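Asks: Just the structure for this:
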Amino acid sequence: MNLSRKGKSHSPKFLDLEPKNISSDIGAGLTAAMVAIPDAVASATLAGVNPIFAFNATMVGMPVAGLFTGSQYMNCSLTSAMMLVMAGAVANAGDVEPVSLIVTLTILVGLFQLLLGLLKLGRVTRFISNAVMTGFFTGIAVTIILSQLSALTGYESTAGSNVFQTIDLLRHLGQIQWPSLIIGLATIALIFLLARTRFRNFSLIVALLVVSAVVSLAGIDSVHLVGDTYSIAGALPGLALPNLALAPSLLLPAVAIGLIGLIQAAGVSQGVPNPDGAYADPSRDFTGQGIGNVVSGFFQGLPVGGSLAGTAVVVSAGARSRWANVFAGLIFILLVLLFGNLVELIAEPAIAGLLIVAGLETIKVDRVADVWDVGKGPRTIMAFTFAATLLLPVQWAVLFGVGLSFLVHIVRDSADVQLKQVIYQENGAFREQPAPEKLTGRAVTILHVWGNLFFSGAFALGEILPKVEDAPQAVVILRLRGRAQIGSTMVRVLERYAQQLQANGGKLILAGVGERVLEQLRKTETTDTIAEEDIFMATDTLGGATLEALAAAEKWLEEQKEGPAFKN
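Replies: Down below sits the predicted model:
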């Protein structure tokens, strides 16, 4: 759903095609469609499949996703990171029919993304740390470059991973096929040259056409063409059904591809606001991509995802609404029907050059430098993720990165928890100071906790609360103002600390409690341990609940003076 500037949601208007935007959106769609042609061919090459499947995804998946994503400008197209996982799935498929594999895997990707969107889990992308993201996408970029060295040089290595194949290539430089290398390097040079001109949006397709035309006219037979490997027909995609028997073996790559698409889409939605200036709901973007991929799968298309580069092209070309991506898909259909069979004439080293350029542009040196400069911790995390992406299958590297991000989040939450003692002063103000290690008997101690109190944070709080030990009739007021809710771990910490205080004749009082927290305390029966009379609700006055709790605590201590515990 779209968000207004005040954060309110509005119902989607899929058919809200305003006449004033049509010409601009068609122009942007034309540019995006032309740029998508070399992207589709390169993506299919990277995935190791016939470019027809990439064409199908662009003809169907891109416009359908464009209708449903919350980010109106988001271009959902084929991305290199997703295609690398696809390549691994294809390589491990054995004798499985490519159509069945692609249809089943793309639909699984869509269902996974759709499920996360319907469950409103768009916020989970916020837990992926920048260090992990930087290491992963830098590793993906280097992997793309290394994977294309074989097609660039004409030397086929059987050394294993891309890293070992590169080492093997360096040991056999004498076996390089120079015509292939020259064609590939010429493509790279031409792309960079055109990128400095007003034709920069079309640099990829122009470079492919020019270099491939030179190969054809010069009759360089030693340079492989796309047609040497695949038969391309300019036709509309046909409907196909998934092979459910393949689903169990494809779940891991489906989750990996789905996560990559969602993470990339989050980068788009956070960086490109909608026409009204608001940023989209990431859960709605999850749903839109999911729908697009389910439909793409049924029409024999590869999975698509939020593309930073594709979105940048659409926006720079003057898009006014989501219809720019819809028009891009429709125009792409026309281009495929008219010129699809000409893709067979594209030189494979030229595609390798294009992918190498894409890999180089994916490496963000400034982001790497920022992570490096922050400190040893983020630097180590980035390095580990980078190494995992290079050495592990991409689907495992994705899960490694996500797991590492959550681990880092948990560790940081526990490290960020701070406990302060609050001192009430005669002028009515409160002053903070470090919390004591031990409690003082027959006295009131006011504590305020900073940081996240879910799971690891709650455990950390339990470890730094002042020790009760031999402090009789100690009263602790714990301020919880601003806590929308607490987790079950925090509930256990509160109950355990209250019982320790009660064992020594003291008590735990909670101040600044919100309605939701009180409801949780009641449902978990924590109020059997901490009486509701010792729970003071938050008020509109800052410190109001704390003052009420302090007065009640001091009154209670006065009442205990005649008790045996006090006299002893």
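
Asks: any idea how far Arg200 lies from Glu515?
Replies: 56 Å (CB to CB, to the nearest Å). (Glycine included, C-beta is placed from N, CA and C.)

Asks: And those two? Which one has more around it.
Replies: A count of neighbours by other CB atoms under 10 Å puts Arg200 above the other of Arg200 and Glu515, at 14 against 10.

Asks: Would you mind listing the residues in contact with the more buried one?
Replies: Leu194 (CB atoms under 8 Å, 6 or more residues apart in numbering).

Asks: All the helices of the stretch 51-200 of the chain, residue numbers only.
Replies: Taking DSSP state H, counting those that start in this stretch as the criterion, the stretch 51-200 of the chain carries its helices at 51-56, 62-68, 80-91, 98-118, 130-147, 149-153, 162-171, 178-194.

Asks: Tell me how the protein divides into domains.
Replies: As given by automatic domain parsing, the domain ranges for the chain are 20-410, 417-567.

Asks: Mind putting the ones you listed into TSV with mean pLDDT?
Replies: Output for the domains of the chain, formatted as TSV (pLDDT from 0 to 100):
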stretch	mean pLDDT
domain 20-410	88
domain 417-567	89
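
Asks: Tell me which of these is the most buried.
Replies: domain 20-410 (a mean of 21; mean count of other CB atoms under 10 Å).

Asks: Would you mind measuring the gap between the ends of stretch 443-459?
Replies: Stretch 443-459 has its terminal residues 26 Å apart, counting by CA to CA, to the nearest Å.

Asks: Measure how far it is from the centre of its chain, please.
Replies: 30 Å (CA atoms, centre = their mean, to the nearest Å).

Asks: and what of stretch 325-342?
Replies: Offset of stretch 325-342 from its chain centre (CA atoms, centre = their mean): 30 Å.

Asks: CA atoms only for it, dumped as PDB, please.
Replies: Once non-C-alpha atoms are left out, stretch 325-342 reads as follows in PDB (Å, rounded to 0.1, in the frame of the first residue of the first chain):
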ATOM      1  CA  ASN A 325       7.000  -0.500 -15.700                       C
ATOM      2  CA  VAL A 326       3.800  -1.900 -17.100                       C
ATOM      3  CA  PHE A 327       4.400  -0.100 -20.400                       C
ATOM      4  CA  ALA A 328       8.000  -1.400 -20.300                       C
ATOM      5  CA  GLY A 329       6.700  -5.000 -20.200                       C
ATOM      6  CA  LEU A 330       4.300  -4.400 -23.100                       C
ATOM      7  CA  ILE A 331       6.900  -2.700 -25.200                       C
ATOM      8  CA  PHE A 332       9.300  -5.500 -24.500                       C
ATOM      9  CA  ILE A 333       6.800  -8.000 -25.800                       C
ATOM     10  CA  LEU A 334       6.700  -6.100 -29.100                       C
ATOM     11  CA  LEU A 335      10.500  -6.000 -29.300                       C
ATOM     12  CA  VAL A 336      10.700  -9.700 -28.700                       C
ATOM     13  CA  LEU A 337       8.100 -10.600 -31.300                       C
ATOM     14  CA  LEU A 338       9.900  -8.400 -33.900                       C
ATOM     15  CA  PHE A 339      13.500  -9.000 -33.100                       C
ATOM     16  CA  GLY A 340      13.800 -11.900 -30.700                       C
ATOM     17  CA  ASN A 341      15.400 -14.300 -33.100                       C
ATOM     18  CA  LEU A 342      18.300 -11.800 -33.700                       C
END
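
Asks: Now Ile423: which helix or strand?
Replies: According to DSSP states H and E, Ile423 maps onto strand 418-424.

Asks: Packing partners of that strand?
Replies: Strand 418-424 sits against strand 430-434, strand 444-450, helix 544-559, with contacts defined as 3 or more CB pairs under 8 Å, 6 or more residues apart in numbering; DSSP states H and E.

Asks: Which strands and helices lie in contact with the helix ranked longest in the chain?
Replies: Identified as the longest helix of the chain according to DSSP state H is helix 19-47. For helix 19-47, the elements it packs on are helix 51-56, strand 75-77, helix 80-91, helix 203-218, helix 308-316, helix 323-339, helix 348-362, judged by 3+ CB pairs under 8 Å, 6+ apart.

Asks: I'd like to know which of those lies nearest to Leu149.
Replies: The closest of those to Leu149 is helix 348-362. By CB to CB, the value is 7.8 Å.

Asks: hey, C-alpha coordinates of that closest one in CSV?
Replies: The C-alpha trace of helix 348-362 is given here as CSV (Å, rounded to 0.1, in the frame of the first residue of the first chain):
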residue,chain,number,x,y,z
GLU,A,348,29.0,-14.5,-26.1
PRO,A,349,32.3,-12.7,-25.2
ALA,A,350,30.3,-9.5,-25.5
ILE,A,351,27.8,-10.7,-23.0
ALA,A,352,30.6,-11.6,-20.7
GLY,A,353,32.0,-8.1,-21.0
LEU,A,354,28.6,-6.7,-20.2
LEU,A,355,28.3,-8.8,-17.0
ILE,A,356,31.8,-7.9,-16.0
VAL,A,357,30.8,-4.2,-16.2
ALA,A,358,27.7,-5.0,-14.2
GLY,A,359,29.9,-6.6,-11.6
LEU,A,360,32.3,-3.7,-11.4
GLU,A,361,29.4,-1.2,-11.0
THR,A,362,28.0,-3.3,-8.2
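
Asks: what's the angle from it to helix 308-316?
Replies: Counting by axes from the mean of the first three to the mean of the last three CA atoms, to 10 degrees, helix 348-362 lies at 80 degrees to helix 308-316.

Asks: wait, doesn't Ser147 sit right on Leu46?
Replies: Yes - assessed by CB atoms under 8 Å, Ser147 is found in contact with Leu46 at 7.0 Å.

Asks: between those two, what contacts are shared?
Replies: Listed contacts common to Ser147 and Leu46 are Leu84, Ala87, Leu355; contacts here mean CB under 8 Å, 6+ apart.

Asks: Go ahead and name everything in contact with the host helix or strand of Phe386.
Replies: Element membership for Phe386, per DSSP H and E: helix 376-391. Residues from elsewhere that reach helix 376-391 (CB under 8 Å, 6+ apart): 129-132, 134-136, 138-140, 142-143, 161-163, 368, 371-372, 396-397, 400-401, 404, 408.

Asks: ok, 6 Å please
Replies: Contact with helix 376-391 is made by 131-132, 134-136, 138-139, 163, 371-372, 397, 400-401, as judged by CB atoms under 6 Å, 6 or more residues apart in numbering.

Asks: what do you get for stretch 317-332?
Replies: With CB under 6 Å, 6+ apart, stretch 317-332 has contacts from 17, 21, 24-33, 36, 58-59, 62-63, 66, 72-73, 75, 314.

Asks: From the chain's centroid, how far away is it?
Replies: Its chain's C-alpha centre and that of stretch 317-332 lie 24 Å apart, by CA atoms, centre = their mean.
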